[in-house]
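>>> below are the sequence and a predicted model for it; my questions follow.
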Amino acid sequence: MAIEWQVSQLANGMRVVTTPVPTAQSVSVNVFVGIGSRGETPRTNGLSHFMEHMLFKGTERRPDAIIIAEAIEGAGGVLNAYTSKELTCYWNQVPDDRLATAMDVLADMYRNSVLKAEEIERERTVVQQEIRRAFDQPGAWASELLQRATYGDQPIGWPIAGTLETVEAMQRGDLVEHVATYYVPSNTVLSVAGNTTHEQVMAHAEQLFAGLPPGGAPKPHAASPAFGPERVIVEKREIAQCNIGIALHAIARKDPDRYPLMVLNTILGRGMSSRLFKEVRERRGLAYSVGSGVTRYTDAGTMTVSAGVTLEHLEEATRVIRDELMKTATERVGEDEVAKARDFSTGNFRLGLESTMALAQRAGESLLMIDEIEPIEDVVAGISAVTPADVQRVAQRLFRPGGFAMAVVGPGGDADTLRAILDAA
């Protein structure tokens with residue numbers, strides 16, 4: 001049975017999308033707001049993430065975080081939120097007969113958070129601990145450094161959580177202005193999936209959100225596809241492994257090459273039959289884990305490879321990874337390998353949509369970011385149509401000497417040597 005959704009718009013401009021799943025036992029309710037770290041300034045870096053924390057800290061009706069949590073957990077559900085470069089999402093998932101409660105709690109948080117000064121001070125410390133935790137995790141910190149190396153000093157290259165210093169400097173007025181500027185109907189999508197109907201969701205949405213005044217939100221500045229001044233960053237620590245990340249500028253969300261890139265990424269670094277896994281781990285024994293991933297933004301994108309290796313194998317692993325990437329540009333991948341990657345990509349895509357949460361997330365993010373929801377069958381058809389020539393063309397578009405950034409967190413490594421390896425013709 002095909003998965004279908006319905007989209008409506010409230011009079012104030014807020015969009016509502018529902019994905020009915022009559023056989024489910026749950027509903028997932030998600031509120032997406034079109035602001036993330038790339039919409040911030042140097043002084044307010046981390047504000048979107050701080051705001052995400054603060055919406056759980058109390059409203060007039062539910063004056064503290066415990067009461068908000070108990071409203072959902074007491075209904076047998078779960079709740080959370082996340083912030084990315086481009087959006088903030090608040091979500092919960094409850095048994096299907098508790099839809100009204102789930103929507104009411106999120107609407108209350110979205111509309112009526114009081115942002116008490118004492119809660120801001122308390123949560124400031126919590127957010128700073130979160131930043132410290134990321135620093136203490138070498139793999140996570142290598143990812144942060146890789147963003148800086150890949151994009152430099154522009155919003156899309158800044159950390160989502162900000163820094164200890166920017167978080168320390170944030171004031172209540174910054175949060176109030178952030179809500180007034182971005183938490184507006186035209187910049188918000190409500191996405192619900194599960195055992196419900198569009199009519200039921202719209203009835204609650206009209207009651208809970210229709211009273212918001214209309215208003216538009218500013219768009220973030222365009223991303224520059226330029227590396228930072230430090231294209232290779234090495235941070236030395238007395239640990240056993242070098243945590244490495246290699247990245248390159250890729251493509252945006254709606255780029256026509258998105259399907260060939262999905263297949264290329266699968267060939268290179270997804271699963272135990274991928275080229276990187278076979279060459280780096282199975283044949284050479286250089287790493288326990290190695291893989292690749294793709295992130296697409298509205299107007300930019302990155303492809304990354306990550307691995308953990310000992311210092312003595314750092315340069316060899318860097319060379320092998322680079323060579324495997326470049327090989328797909330210089331040597332056409334065979335039809336059998338492409339066919340297997342197509343099947344993996346389509347199967348993995350379908351399996352990733354098994355839950356009401358996944359369906360609500362996909363529909364809400366797509367509608368907010370690109371103003372449409374691509375039918376699942378169209379995605380499968382797009383992946384299935386990818387040819388070996390398409391894969392090589394995209395590899396040639398992306399992989400070139402001088403086109404790689406790198407970050408290393410570990411016991412050593414020389415940035416100039418690593419840069420020379422990446423840039424070799």
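Alright, I've got the coordinates. Computed from a prediction, not measured in an experiment: that's the story for all the values here. Numbers count the residues shown, from 1 in each chain.

>>> contacting residues for the residue most central in space within the chain?
The chain has S84 as the residue nearest its centroid, 5.3 Å off, counting by CA atoms, centre = their mean. For S84, the contact set (CB atoms under 8 Å, 6 or more residues apart in numbering) comprises 36-37, 160. Just so you know, the C-beta spots here come from the backbone N, C-alpha and C atoms, and that holds for glycine as well.

>>> quick one: Q200 and D96 touch, right?
No. With contact defined as CB atoms under 8 Å, Q200 does not count as touching D96 (10.0 Å).

>>> okay, now the closest residue to A405 other than its chain neighbours: neighbour count?
Nearest residue to A405, sequence neighbours excluded (CB to CB, 6 or more residues apart in numbering): A149, at 4.0 Å. When counting by other CB atoms under 10 Å, one arrives at 24 neighbours for A149.

>>> surely A149 forms part of a strand?
No. Judged by DSSP: H, G, I helix; E, B strand; the rest coil, A149 forms no part of a strand; its state is helix.

>>> any idea how this structure splits into domains?
As given by automatic domain parsing, the domain ranges for the chain are 6-209, 232-423.

>>> among those domains, which is nearest H221?
domain 6-209 (6.8 Å; CB to CB).

>>> distance from the chain centre to the closest one, please.
14 Å (CA atoms, centre = their mean, to the nearest Å).

>>> quick one: end-to-end distance for that domain.
18 Å (CA to CA, to the nearest Å).

>>> in stretch 362-373, which residues are buried?
362-369, 373 (16 or more other CB atoms under 10 Å).

>>> likewise stretch 235-244?
So for stretch 235-244, counting by 16+ other CB under 10 Å, buried means 241-244.

>>> what's the end-to-end length of stretch 293-309?
Using CA to CA, the end-to-end distance of stretch 293-309 comes out at 18 Å.

>>> got the end-to-end distance for stretch 210-230?
End-to-end span of stretch 210-230 (CA to CA): 48 Å.

>>> which residues does that stretch contact?
10-14, 34-35, 38-39, 86, 111, 148-157, 181-182, 184-187, 249, 297, 299-300, 405, 415.

>>> pLDDT averaged over it, what's the number?
Stretch 210-230 shows a mean pLDDT of 90.

>>> likewise for stretch 108-128?
Here the average pLDDT along stretch 108-128 is 97.

>>> same question, stretch 148-165
Averaged across stretch 148-165, the pLDDT comes to 97.

>>> buried residues in it, which are they?
Buried residues in stretch 148-165 (16+ other CB under 10 Å): 148-152, 155-162.

>>> tabulate these (JSON lines), appending distance to E337.
Converted to JSON lines, the buried residues of stretch 148-165 look like this (distance: CB to CB, whole Å):
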{"residue": "R148", "distance to E337": "34"}
{"residue": "A149", "distance to E337": "31"}
{"residue": "T150", "distance to E337": "28"}
{"residue": "Y151", "distance to E337": "32"}
{"residue": "G152", "distance to E337": "35"}
{"residue": "P155", "distance to E337": "38"}
{"residue": "I156", "distance to E337": "33"}
{"residue": "G157", "distance to E337": "34"}
{"residue": "W158", "distance to E337": "38"}
{"residue": "P159", "distance to E337": "37"}
{"residue": "I160", "distance to E337": "35"}
{"residue": "A161", "distance to E337": "39"}
{"residue": "G162", "distance to E337": "42"}
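
>>> which one of the residues you listed is nearest to V21?
Distance to V21 across the buried residues of stretch 148-165 (CB to CB) is lowest for I160, with 30.7 Å.

>>> skipping adjacent residues, who's closest to that closest one in space?
If the residues on either side of it in the chain are set aside, I160 comes closest to S37, at 4.5 Å by CB to CB, 6+ apart.

>>> now the strands for the protein?
6-9, 15-20, 26-33, 78-83, 88-95, 188-194, 232-236, 242-249, 290-296, 301-309, 405-410 (DSSP state E).

>>> what angle separates the longest one from strand 290-296?
Counting by axes from the mean of the first three to the mean of the last three CA atoms, to 10 degrees, strand 301-309 points 160 degrees away from the direction of strand 290-296.

>>> what lies in contact with strand 301-309?
Residues outside strand 301-309 that contact it (CB under 8 Å, 6+ apart): 139, 142-143, 146, 150, 241-253, 255, 261, 265, 268-269, 276, 280, 286-295, 317, 321, 325, 398.

>>> now do the second one
Strand 15-20 is contacted from outside by 3-10, 188-198, 201-202, 205, 356, 359-360, 363-364, 367-368, 373, using CB under 8 Å, 6+ apart.

>>> beta partners for the residue nearest to L418 when sequence neighbours are not counted?
Take L418 and drop its neighbours on the chain: the residue closest to it by CB to CB, 6+ apart is V232, 5.1 Å away. V232 has these beta-bridge partners by DSSP bridges: M406.

>>> quick check: V232 touching T150?
No. V232 lies out of contact with T150 (CB under 8 Å); the separation is 10.9 Å.

>>> ok so, going back, can you redo the domains of the chain as CSV with distance to G215?
As requested, these are exported to CSV (distance: least, CB to CB, whole Å):
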stretch, distance to G215
domain 6-209, 4
domain 232-423, 16
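
>>> how far away is D96 from V305?
D96 sits at a distance of 41 Å from V305 (criterion: CB to CB, to the nearest Å).

>>> again, but for G173
42 Å.

>>> between these two, which one's more packed in?
Ranked by neighbour count (other CB under 10 Å), G173 and V305 place V305 first, with 26 against 9.

>>> per-residue confidence for the more buried one?
Here the pLDDT value assigned to V305 is 98.

>>> partners of it in the sheet?
Beta bridges link V305 to I246, S292 when assigned by DSSP bridges.

>>> what do you get for V29?
Beta-bridge partners of V29, counted by DSSP bridges, are N92, V192.

>>> could you tell me how many residues sit around it?
Counted with other CB under 10 Å, V29 comes out at 33.

>>> what is the burial count for G285?
G285, neighbours per other CB under 10 Å, totals 9.

>>> now for the residue nearest to A252 when sequence neighbours are not counted: which residues touch it?
Closest residue to A252 apart from its sequence neighbours, by CB to CB, 6+ apart: D299 at 5.2 Å. Counting by CB under 8 Å, 6+ apart, D299 touches 222-223, 252.

>>> ok, L175 next?
L175 is in contact with 47, 50-51, 54, 115, 120, counting by CB under 8 Å, 6+ apart.

>>> now the spatially closest residue to I376 that is not a sequence neighbour: how far from S306?
Of all residues not flanking I376 in the chain, I3 sits nearest, at 5.9 Å (CB to CB, 6+ apart). Computed as CB to CB, the I3 to S306 distance reads 32 Å.
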